[in-house]
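1. show me the folded form of this:
(one chain, ligands or ions: 1)
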Amino acid sequence: MYENELKAIHKSNRYREREIFDENLIDLASNDYLGFSEDKELFEKAYNRVLKHKTHAPKASQLVNGYHLVHKEFEEYLCEINGFSSGIIVGSGFLANLSLIEALVRKNDLLVLDEFYHASGILASKLVDAEVAYFRHNDVKHLEEILNSHKYHRAIVCVEGIYSMEGDILNRDVFEVCERENILLVVDEAHSSGVLGDNLLGVFDYFNITPKQNHIKMGTLGKAYGSYGAFILADLEIIDYLQNRAKAIIYATAPSVFDTALAHVSVEKTQSKKEDINRNIEKIKAVVEEIFAIKMQGMILKLDVENSQKALDIKEFARKKGFLIGAIRPPTVKHAIIRLIPRISTDIEVLKKFLLELKNEIYCS
Ligand SMILES: Cc1ncc(COP(=O)(O)O)c(C=O)c1O
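-> Just a heads-up that it's a prediction; the model follows:
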């Protein structure tokens, strides 16, 4: 039934497949920035936390009886360290964006997203009964132009802390523009939580911004924190509204109890080891800069390549050398790139040697 569509995908070199990779390959493709996905101590701590409770499964929506003490304790901990008054754990970052956009954007409101906002937000924007606009990536002047040229009841602006494919940091001026009345700012910190700021809490921490009533911070648990799920932190009224209006929260089973506990112990670890982690991040950034002359803003190294086929060839080259890297192709990005995450758990000498070989392969072969 979809033969022609699949043929077209193949023809444009955009065919994707799931694969079980050799566990011995060195992973520089995932978002496991801190190497927590292999930290068995964290796993055991989380297991023991959950074991203390009668139930280990959410069983129902948070609005029925799926809300577990493990969720509540993590929400409270996140609010405390991030300085927000309220929070809610949700099943995934995808669901979080869907929940936020679908619920917050009402008739006569204006939704404005950075053009590189995550696909989950773009999809959610198609569900709203309001005007939707995109501003050029990190271009605050363009954002202002859009806000000034529209009439709206409320405006909701969506940005990322570190952009997932570009790897660059949010333009700080966005916070200033959104100081105006009735502008809500949603910051998706999927790729900045755990890797940015003195306290590794993301862009609010990095820019030293105290959360205000118009700020919403979303973070995911499946990346630096080596678990699965997401959180939304905001003013009490907004969280209250979300749990009453966001369909993806109300009509979904509450997030996994174990994954929430695992994320909780992971965030605790980032707080107790922040100096060590930040030192390691800086070391890795220095290696990347030395080899590619690129100053990584987060922990995402983006390397442009000619086309999708070249990206796939380079990925295969890396695999033969024992490394996994990402070959990201359209439509995920406009032009094919190699996306590489130099995890801080990678041996620095091994990383250096590989990056040199990779550079040679990309630019000299
Ligand atoms: C910026 C951004 N937001 C949201 C998501 C979705 O998060 P999750 O994977 O937890 O659904 C991702 C994941 O790829 C992401 O990169």
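2. nearest residue to G197 other than its sequence neighbours?
-> The spatially closest residue to G197, leaving aside those adjacent along the chain, is D205, at 3.0 Å (C-beta to C-beta, 6 or more residues apart in numbering). From N, CA and C alone the C-beta is placed, and that goes for glycine too.
3. am I right that the one you found falls within a helix?
-> Yes. Per DSSP: H, G, I helix; E, B strand; the rest coil, D205 lies within a helix segment.
4. list the contacts for it?
-> Contact analysis of D205 by C-beta atoms under 8 Å, 6 or more residues apart in numbering lists 82, 196-199.
5. quick check: pLDDT value at it.
-> On pLDDT, D205 comes in at 98.
6. pull the longest helix from the chain.
-> As assigned by DSSP state H, the longest helix anywhere in the chain is helix 274-292.
7. what packs against it?
-> With contacts defined as 3 or more C-beta pairs under 8 Å, 6 or more residues apart in numbering; DSSP states H and E, helix 274-292 has these neighbours: strand 301-304, helix 348-364.
8. show me which residues of it are buried.
-> Neighbour-count burial for helix 274-292 flags 277-278, 280-281, 284-285, 287-288, 291-292 (criterion: 16 or more other C-beta atoms under 10 Å).
9. who's in contact with that helix?
-> Contacts for helix 274-292 (C-beta under 8 Å, 6+ apart): 34, 195, 198-200, 270, 294-296, 299, 301, 303, 342, 344, 346, 348, 351-352, 355-356, 359.
10. interface residues of the stretch 51-200 of the chain facing the ligand?
-> 92-94, 97, 118, 120, 160, 164, 188, 190-191 (C-beta under 6 Å from any ligand atom).
11. between the residues you listed, which sits nearest the ligand?
-> When these are compared for distance to the ligand (C-beta to the nearest ligand atom), G93 wins out at 2.2 Å.
12. closest to the ligand out of the buried residues of helix 274-292?
-> I281 (18.6 Å).
13. give the contact list for the residue nearest to the spatial centre of the chain.
-> Nearest to the mean C-alpha position of the chain, by C-alpha atoms, centre = their mean, lies A190 at 1.8 Å. For A190, the contact set (C-beta under 8 Å, 6+ apart) comprises 31, 93, 118, 160-161, 164, 218-220, 223, 230.
14. buried subset of these?
-> Of the contacts of A190, these count as buried by 16+ other C-beta under 10 Å: 31, 93, 118, 160-161, 164, 218-220, 223, 230.
15. picking up where we left off before, which one of the helices and strands packed on helix 274-292 lies closest to the ligand?
-> Nearest of these (C-beta to the nearest ligand atom): strand 301-304, 13.4 Å.
16. strand partners (parallel or antiparallel) of that closest one?
-> For strand 301-304, the pairing partners within the sheet under DSSP bridges are strand 337-340 (antiparallel).
17. where in the stretch 101-250 of the chain is pLDDT low?
-> Counting by pLDDT under 70, the stretch 101-250 of the chain shows no low-confidence range.
18. can you give me the helices in it?
-> In the stretch 101-250 of the chain, the helices defined using DSSP state H, counting those that start in this stretch lie at 119-125, 140-148, 173-177, 203-207, 236-245, 247-250.
19. next, the buried residues of the last one.
-> Looking back up the chat, that one is helix 247-250. Neighbour counts over helix 247-250 (16+ other C-beta under 10 Å) mark 248-250 as buried.
20. closest one of those residues to T210?
-> For T210, the nearest member of the buried residues of helix 247-250 is I249. The distance, counting by C-beta to C-beta, is 26.3 Å.
21. distance of that closest one from Q62?
-> From I249 across to Q62, the span is 7 Å (C-beta to C-beta, to the nearest Å).
22. can you list residues touching both of these two?
-> Residues touching both I249 and Q62 (C-beta under 8 Å, 6+ apart) are 88, 243.
23. how about the residues of the stretch 201-350 of the chain by the ligand?
-> Counting by C-beta under 6 Å from any ligand atom, the stretch 201-350 of the chain comes close to the ligand at 220, 222, 230.
24. tell me the contacts of the closest residue to the second one other than its chain neighbours?
-> Okay, so that is G222. Here the nearest residue to G222 in space, its sequence neighbours aside, is Y228; by C-beta to C-beta, 6+ apart that works out to 4.7 Å. Counting by C-beta under 8 Å, 6+ apart, Y228 makes contact with 92, 221-222, 256, 259, 263.
25. circling back: single out the most deeply packed of the helices and strands packed on helix 274-292.
-> Comparing the helices and strands packed on helix 274-292 by mean neighbour count (mean count of other C-beta atoms under 10 Å), strand 301-304 ranks first with a mean of 18.
26. so the helix or strand following it versus helix 348-364, what angle?
-> Next helix or strand after strand 301-304 toward the C-terminus (DSSP states H and E): helix 308-320. On the basis of axes from the mean of the first three to the mean of the last three C-alpha atoms, to 10 degrees, helix 308-320 is oriented at 150 degrees to helix 348-364.
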